[in-house]
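S.K.: Turn this into a model:
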Amino acid sequence: MNFRIFGLIITLTILVTGLYAQDSFRLTDSSFNEINTNKIDLSLSQVDNYDNEGGIPVLVGIQPGIYLAHKAPANYYNGTAEDYNGFLIIDNIFTNPESRRDIMDVTGLSDSQLENSRFEFNYNMNYDIGFLIGFQSYFGISKRMWMMLDINFVQLNTASIISLLVNDPNLPNQDVTQLPVHGQEQRFYIDLGAHWILGKRDLKGYIETGGNFLSAKVKNNEFDVLNQFGDVALTYSLLPTSLNTAANTITSYTFGGFLGGGIFYNANDKMGIEAGFQIGFNEVILPQYNGYFPNYIFSLRFIYLGQDNEM
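M.R.: Below is the predicted model:
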């Protein structure tokens, strides 16, 4: 599915770019004729008028940055993941005779103590800061306006604690066993929109907006059982399992939009650097957790402007 959508976006982008490029080349010929006729000094037009130069219409860039994901979908990883029958996977683990025996051996709890225990989950999970890498293509409509195609990858991690509360009248106080829980998620998204350069000096501003496609995939979700020394003794997966391994993959595919801005520095006639931010509004659909939420990117972009293509 995502490959078909990606192909459609590429096709539409090439068609739009071709139409604008054709108009730009027509303007280039007329602009040169006017310059030759009137003997105009080109010093300012080389900075402000892309069409007068006939520079390359396609620019490329690379984008490292940090990704701040909205915390709401992170609650999927708090230990409450369910199987295909709607039962908590962690309950299945604690009732399985083999894993139950291993857990009792490590924690020192008896069977009756486990029977009278209950779980307490954290519903205020957060994602850690994600580190992003992206690749851009810019299709020049004019010197100041580009169509942009932006492809980005980021991996997110989250962690918390599941509390196992044991109610035993023989214990002076309620016994609490902590079970560290952690998850890992990969996101891949494509931005398609417009990008404007503002200003006439080497240090300029930029704004951008458009639509995007987001794929979010659950890579890992598991909890640990600690021994009396606080070391990890057992680890159990909270991912669903079935005979159909493909059906066990939890992936969200959604569309949204983005808005961004920042500063553009013309390092030289071949290289530009952008420092800025972007807000993306996307829906992440994980079991029991979905909705449109803002996600934030702070990044640097290194853009190759081509041969003698100073902004």
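S.K.: only C-alpha atoms for contact and neighbour calcs from this point on.
M.R.: OK.
S.K.: if I pick the closest residue to residue 179 other than its chain neighbours, what's in contact with it?
M.R.: Nearest non-adjacent residue to residue 179, counting by Cα to Cα, 6 or more residues apart in numbering: residue 162, 4.9 Å away. Contact analysis of residue 162 by Cα atoms under 8 Å, 6 or more residues apart in numbering lists 78, 79, 119, 120, 121, 122, 178, 179, 180, 181.
S.K.: Of those - the most surrounded one?
M.R.: Using other Cα atoms under 10 Å as the neighbour test, the contacts of residue 162 are led by residue 79, with 30 neighbours.
S.K.: which residues does residue 192 contact?
M.R.: So residue 192 contacts 9, 147, 148, 149, 150, 210, 211, 212 (Cα under 8 Å, 6+ apart).
S.K.: quick one: what helix or strand has it in it?
M.R.: Take DSSP states H and E as the rule and residue 192 turns out to sit in strand 175-198.
S.K.: Give the partner strands of that strand in its sheet and their orientations.
M.R.: If you go by DSSP bridges, strand 175-198 pairs up with strand 145-166 (antiparallel), strand 203-226 (antiparallel).
S.K.: how far does that strand sit from the chain's center?
M.R.: Offset of strand 175-198 from its chain centre (Cα atoms, centre = their mean, to the nearest Å): 5 Å.
S.K.: Point out where the stretch 101-250 of the chain drops to low pLDDT.
M.R.: Scanning the stretch 101-250 of the chain for pLDDT under 70 picks out 171-174, 243-247.
S.K.: Would you mind measuring from residue 119 to residue 264?
M.R.: Going from residue 119 to residue 264 by Cα to Cα, to the nearest Å gives 52 Å.
S.K.: Residue 144 reaches residue 194, doesn't it?
M.R.: No: counting by Cα atoms under 8 Å, residue 144 does not reach residue 194; the two are 10.5 Å apart.
S.K.: ok, which stretches of the stretch 1-150 of the chain are strands?
M.R.: Taking DSSP state E, counting those that start in this stretch to define them, one finds strands in the stretch 1-150 of the chain at 58-68, 117-120, 130-140, 145-166.
S.K.: what do you get for the stretch 201-311 of the chain?
M.R.: Using DSSP E, counting those that start in this stretch, strands in the stretch 201-311 of the chain cover 203-226, 232-237, 251-266, 271-283, 292-304.
S.K.: buried sites along stretch 156-171?
M.R.: The neighbour-count check on stretch 156-171 (16 or more other Cα atoms under 10 Å) flags 156, 157, 158, 159, 160, 161, 162, 163, 164, 165, 166, 167 as buried.
S.K.: Could you dump the residues you listed into CSV with distance to residue 277 added?
M.R.: Listed next are the buried residues of stretch 156-171 as CSV, based on distance: Cα to Cα, whole Å:
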residue, distance to residue 277
156, 18
157, 21
158, 23
159, 26
160, 29
161, 32
162, 35
163, 38
164, 41
165, 44
166, 47
167, 50
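S.K.: ok, back up a step: relative to residue 106, which of the contacts of residue 192 is nearest.
M.R.: residue 212 (47.6 Å; Cα to Cα).
S.K.: residues near the closest one, how many?
M.R.: 22.
S.K.: That one is in contact with residue 256, isn't it?
M.R.: Yes: contact criterion Cα under 8 Å: residue 212 and residue 256 qualify, at 5.2 Å.
S.K.: and the gap between residue 269 and residue 76?
M.R.: Computed as Cα to Cα, the residue 269 to residue 76 distance reads 48 Å.
S.K.: make that residue 93, sorry
M.R.: Distance of residue 93 to residue 76, computed by Cα to Cα: 18 Å.
S.K.: Counting neighbours, go ahead and name the busier of the two.
M.R.: Taking other Cα under 10 Å, residue 93 and residue 76 do not tie; residue 76 has more neighbours (20 against 16).
S.K.: Next up, the contacts around the more buried one.
M.R.: 286, 287, 288, 289.
S.K.: Quick check: of these, which has the highest neighbour count?
M.R.: Most surrounded of those: other Cα under 10 Å gives residue 286, at 20 neighbours.
S.K.: which residues does that residue form a beta bridge with?
M.R.: residue 289.
S.K.: Do you know the pLDDT at it?
M.R.: Note on residue 286: pLDDT of 88.
S.K.: Residue 250 versus that one, what's the distance?
M.R.: 7 Å.
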